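[1] Here you go, sequence then predicted model.
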Amino acid sequence: MWERTLQDLIRGLRANKKDEAKFISKAVDEIRNEIKGDDMELKAGAVLKLTYLDMLGYDMGWASFHVVEVMSAARIHLKSVGYLAAAQSFDQETDVLMLTTNLVKKDLASTPVDIAVTLNGLTHFITPDLARDLSPELIAMLNHSRPNIRKRAILALYKFIIKYPQAATHARARLEERLEDSDPGVVAATVNVLCELARSNPQDYLSLAPQFFHLLTTSSNNWMLIKIIKLFGALCPYEPRLVKKLQPPLTELISSTTAISLLYECVHTCIIGGMLQGTNGNTLARQCVSKLSAFIQDDDQNLKYIALLAMTKIAPTHPHLIAEYRDTILASVDDQDISIRMRALDLVSAMVDPVNLQAIVQQLLSHLVPEHSSMLPSAAQSLAQHTSSTPANPVLSPSQSPAYRLVLCQRILSMCSQNTYENVTNFEWYISVLVDLAHIANVDIGAEIRDQIVDVVGRVKAVRRYTVKLMYQLISDDTMLRNAREEGSCGEVLWAAAWVCGEYCEELAEPHKLLPYLLDSPEISNLQPEVIAVYIQAATKIFGTWAASIARRWAEEDLPEVKSVVDQLTTSFEQLVRSPHIDVQERAANSLQLFRFIRADLEAHQAKPVSQALDSAEPLFPKSLYLIEPLSAAYELNLVAANAQASVPVPDGLDLDAWIVPPPPEVVSDKPMDRKKKTKKGKSKEEDETGIKASKKKKKKAEIENRDILIPVEIEETPEEIAERAKRKADRLAQQRDDPYYIDIDPPKSVHVEEDIDAIPIVKLEGLPSLPGPSNVPILRATSQSFSTSTFEIDRLGEMPEGAIPSKTISVPVTRQHTPDSEQTLVPPRPSNIPAYEVSASDVRTSTPEPIKVKSKKKGTAKKKRTPVVDT
């Protein structure tokens, strides 16, 4: 019969691609017949063809026993086929592996060629049982006379230890001997195995440090040096003395080697091993950064990536060395590879300081500006699109990716705000950056920008004037208002703009000109409900400030203008009252009532001659103009310190452990309990009848009898108390009847109540502040477009409660120059307008109070009320 060889099978597969399944089915039937014969050559050929089919995805598990038969062949070329098939098809669940133990032992004791074939195939299908049974033979083979067998045995030992960890204890001594082997290949294999084993438990291999150090200083094998350096990087955290020992050889390798892989491994080990500290460490760090900067300028993208990754780890300890290559690093931010851009952003965030912050942020902002020219295809691209049948997809720049733009915006905010804005020297510049970021971000970063604006304005008083100017422009921007609901429009910034303009509107001389932008614009409905609510609050505050300024310099010619503004605001609030959002509706309703009162007062106002006003106590202006300003300007809004709540002292006489409302007392009956005594005879009789059940009933009954019985006590009420209770009930029912959120199942009958006109309260406007002289306030106090060069004072701590111990330093000037070797000098704090808090010595707790110990009285025979006894 003509047998098909492996070459014939491959030719047949190529010739029958249209009907491959039918051809393979026929070939498998032929292989089944061939593999059952006694001819070992024919059986080995069939197993070889099955191995090829197994590589194509066809199962050969049914022939596993025949594979073992071929493994036991005497000829080496047949044995190699069997071990190849076993390595390809056997797994941990193969049932015939238990038959291979003696076979493998026999092959390991055979000729060197058989040993080599056996070790090559055995490592692919080794099981815990086989590793346990064969580990003695393999460990003994580490002393084989031939170097290639020793090297194969060492490499196979690693797989044995993975499956059977107890083998490491027996093989440790032999492995240490192989480190001094005469063959370099055996030493390299030993180093490789020990390096892999030390990953899981490095401290167990500290005793081998002298031998590894000798190999590090004498070997010229770059591959083995990489492994040794990796191993030392894992050992240094457990043996600090290795750091000083390894610095000279690693410095020599970094300066002399031309192998890039070895150079990077030396640098990486110096970083993770803590070798960059101290005098020698600074020199080594400078050398490492110099080598890594050369990697960044290389055309190989992989070298750029690993160099940026390594520099990011050096930056926390040596930022001044990284800053020397700022231009090189910033050039990587423009790279087309998004992964390199992200690593460059990490490095830029780590190297930022007060000196280079503005330059770095300006360059990062340039990546967010849309590039209109890049959208147009080139001439070659246009020609390719016309000639090709399928249109070419435009290649998008990484700067257009929303994910990258979001990360870029977050990095800009984090760099500027880290450690309470310690790197920001000009807060006018930072406010302008936040506004620019809101316009060009095109991602959902508005909430973070809003929080930053409010925080900076609250901490830095000198920047409020400039911020109000920019926020005025932001509110009056129709494009921002029109696109507020679109994704990436940063509409939340309008919340901060309205809040700042309302809180610090005294910076404007004509704040009423901002009111139409807050309430009369038809695009306000595009805003979020929480933004509209802040718009209402800001409009009310702005009018209050403007009305008070009008009252201070009152002239009768101002009355029509005030009426017009009030009518305009009243109309806007009447529309907002119908809003479906409860917060908007509530704020609009509150403001509407205030402005209706003001409008009524303005209508009732009559002009008075100056001579009559001097003789009368009544002012010339309508008193309602001072109605709103005291509601928002009574106290200055300051930041609250982080530990303010914990610093509030406990007032005298306040016991935090005492009951606010004491619990009702327990009422004990005066009548003694009638307890029936059972005779011994009755007891024994009951036990005889019910046994254990009767004893349980007795215990349960005794527990019930020993409990306290509460008897309700009827308290007689006096006629005055009855009338008071009835009045409270009537008031409660009337309140529930007028409450729209209270649902009454059984509403009472309507009772007509006559309104007492005299009982209606009247708002009195007496006690208003005195009238200052007229003042001419410009529309903006700062008209210069350039940023201020003065020192900004930032409140880093916040306001502490009254009675708390204030911090020694209230605020620290931000402007400072950062150099790596210069000493930091303390700047005395500026005087504050807030008076210092004075705390008496008796109010300060110097220690934790003694805990209250509670003891319970012993239970007596008589029934008494159980109350805790407090030790004083």
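    All right, it came through fine. These numbers come from a predicted model, not from an experiment.
[2] so where is the stretch 751-872 of the chain shaky, pLDDT-wise?
    Applying pLDDT under 70 to the stretch 751-872 of the chain flags the ranges 751-786, 788-790, 803, 805-872.
[3] should've said the stretch 1-150 of the chain
    1-3.
[4] now the helices for it?
    With helices called from DSSP state H, counting those that start in this stretch, the stretch 1-150 of the chain shows them at 6-15, 20-35, 40-55, 64-71, 76-89, 101-108, 112-122, 128-140, 147-163.
[5] May I see the ones you listed organised as a markdown table, with distance to S339 added?
    Every residue, glycine included, has its C-beta placed from N, CA and C. Listed next are the helices of the stretch 1-150 of the chain as a markdown table, based on distance: least, CB to CB, whole Å:
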| stretch | distance to S339 |
| --- | --- |
| helix 6-15 | 41 |
| helix 20-35 | 41 |
| helix 40-55 | 34 |
| helix 64-71 | 45 |
| helix 76-89 | 36 |
| helix 101-108 | 46 |
| helix 112-122 | 38 |
| helix 128-140 | 40 |
| helix 147-163 | 33 |
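[6] Those: which one's closest to E556?
    Nearest to E556, of all those, is helix 147-163, at 97.6 Å by CB to CB.
[7] right, and the helix or strand after the closest one?
    helix 167-178 (DSSP states H and E).
[8] what are the ranges of the strands in the chain?
    793-794, 812-813, 854-855, 869-870 (DSSP state E).
[9] is it true that V369 touches I440?
    Yes. V369 is within contact range of I440, at 5.8 Å (criterion: CB atoms under 8 Å).
[10] What separation do you get for the residue nearest to S219 when sequence neighbours are not counted and V191?
    Nearest residue to S219 in three dimensions, chain neighbours excluded: L225, at 6.0 Å (CB to CB, 6 or more residues apart in numbering). According to CB to CB, to the nearest Å, L225 stands 9 Å off from V191.
[11] got a list of contacts for stretch 572-590?
    If you take CB atoms under 8 Å, 6 or more residues apart in numbering as the criterion, stretch 572-590 is touched by L519, D520, P529, E530, I532, A533, I536, Q537, A539, S591, L592, F595.
[12] Give me the mean pLDDT for it.
    Averaging pLDDT along stretch 572-590 gives 92.
[13] buried set for it?
    For stretch 572-590, burial by neighbour count (16 or more other CB atoms under 10 Å) applies to S572, F573, L576, V577, S579, V584, Q585, R587, A588.
[14] Taking the residues you listed, tell me the two that lie furthest apart.
    The most distant members of the buried residues of stretch 572-590, if one measures by CB to CB, are S572 and Q585, lying 13.6 Å apart.
[15] Among the buried residues of stretch 572-590, which one lies nearest to I76?
    For these, the nearest to I76 is V584 (89.3 Å; CB to CB).
[16] distance of that closest one from R578?
    From V584 to R578 the distance is 10 Å (CB to CB).
[17] Same check on W659?
    Applying CB to CB to W659 and R578 gives a distance of 48 Å.
[18] and the closest residue to V267 other than its chain neighbours, how far is that from R464?
    On the basis of CB to CB, 6+ apart, the spatially nearest residue to V267 that is not a chain neighbour turns out to be C288, at 4.6 Å. The gap separating C288 from R464 is 46 Å, by CB to CB.
[19] do A497 as well
    For A497 relative to R464 (CB to CB), the value is 13 Å.
[20] before we move on, what about I329?
    36 Å.
[21] re earlier: next up, the contacts around the residue nearest to S219.
    L216, S219, L253, L262.
[22] right, and out of those, which lies closest to R14?
    Nearest to R14 among these, with distances taken as CB to CB, is L262, at 45.3 Å.
[23] need the helices of the stretch 1-150 of the chain in TSV with distance to R199 and mean neighbour count, can you?
    Listed next are the helices of the stretch 1-150 of the chain as TSV, based on distance: least, CB to CB, whole Å; neighbours: other CB atoms under 10 Å:
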stretch	distance to R199	mean neighbour count
helix 6-15	41	13
helix 20-35	43	15
helix 40-55	32	20
helix 64-71	33	21
helix 76-89	25	20
helix 101-108	28	16
helix 112-122	23	19
helix 128-140	20	17
helix 147-163	12	20
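[24] in stretch 463-481, what's buried?
    Neighbour counts using 16+ other CB under 10 Å place 463-472, 474-476, 480-481 of stretch 463-481 among the buried residues.
[25] among these, which are in helices?
    Members of those lying in helices (criterion: DSSP state H): 464-472, 474-475, 480-481.
[26] wouldn't L408 be in contact with S366 here?
    No. Contact criterion CB under 8 Å: L408 and S366 do not qualify, at 10.6 Å.
[27] follow-up on the earlier one: of the ones in helices among the buried residues of stretch 463-481, just say which sits nearest to T94.
    Nearest member of those to T94, counting by CB to CB, is M480, at 69.8 Å.
[28] Provide the contact partners of stretch 336-354 at residue level.
    For stretch 336-354, the external contacting residues (CB under 8 Å, 6+ apart) are 301, 304-305, 308-309, 311-312, 315-316, 319, 322-323, 326, 329-330, 332-335, 360, 364, 397-398, 401, 404, 407-408, 411, 414-415, 422-425, 814-818.
[29] The helices of the stretch 1-150 of the chain: which one's closest to P237?
    Among the helices of the stretch 1-150 of the chain, the nearest to P237 by CB to CB is helix 147-163 (23.4 Å).
[30] Which elements pack onto that closest one?
    When contacts are defined as 3 or more CB pairs under 8 Å, 6 or more residues apart in numbering; DSSP states H and E, helix 147-163 packs onto helix 112-122, helix 128-140, helix 167-178, helix 184-197.
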